[in-house]
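A.B. asks: Predicted structure and sequence below. I'll ask about it afterward.
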Amino acid sequence: MAEDPYPKFTTAMFDIYRRAKEAGYHATIFLQMLSDRHGQATAKTLINAARPSDGYEALHRMGRLDLTVEALIVEQPRWHRLFTKEEIDKARDRLEQYGYKAS
């Protein structure tokens, strides 16, 4: 596997995995993606997908959209430099479509 160009972001992604697990959602596919591709590539894949992932849908049903990749990126401007404006807008739009107001 290639070296992770953004290890701090990958750590933040593993943190939302851990927090989701503590909340009762076991994101096994997300964990595999993170292990295989690192944080930025995983986030870009999920954000640019035509529809929200099954994990996103599950977190929505649990009322925990705060544990999504989209929320991590939108709510923490320090990660914005890793994504295009269009990707940040997609993430924000997806959250808003599901009734989540990013802080």
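C.D. replies: Received the coordinates, thanks. Here the structure is a predicted model, which means the values were calculated and not measured.

A.B. asks: contacts, neighbours, all on C-alpha from now
C.D. replies: Noted.

A.B. asks: ok, then the element right after the lengthiest helix in the chain?
C.D. replies: If you go by DSSP state H, the chain has its longest helix at helix 28-48. Proceeding N to C from helix 28-48, the next assigned helix or strand is helix 54-61, under DSSP states H and E.

A.B. asks: buried ones in that next one?
C.D. replies: Neighbour counts over helix 54-61 (16 or more other Cα atoms under 10 Å) mark 55-57, 59-60 as buried.

A.B. asks: can you check stretch 92-103 too?
C.D. replies: Neighbour-count burial for stretch 92-103 flags 92-95, 100, 102 (criterion: 16+ other Cα under 10 Å).

A.B. asks: Among those residues, which lie within helices?
C.D. replies: Going by DSSP H, the helices hold 92-95 from these.

A.B. asks: In this structure, where is pLDDT below threshold?
C.D. replies: 1-2 (pLDDT under 70).

A.B. asks: Try it again at 80.
C.D. replies: For the chain, the stretches with pLDDT under 80 are 1-2, 102-103.

A.B. asks: can you tell me which residue is nearest the centre of it?
C.D. replies: Val69 (1.2 Å; Cα atoms, centre = their mean).

A.B. asks: any idea how far that residue lies from Leu59?
C.D. replies: 11 Å (Cα to Cα, to the nearest Å).

A.B. asks: Thank you kindly, that will do.
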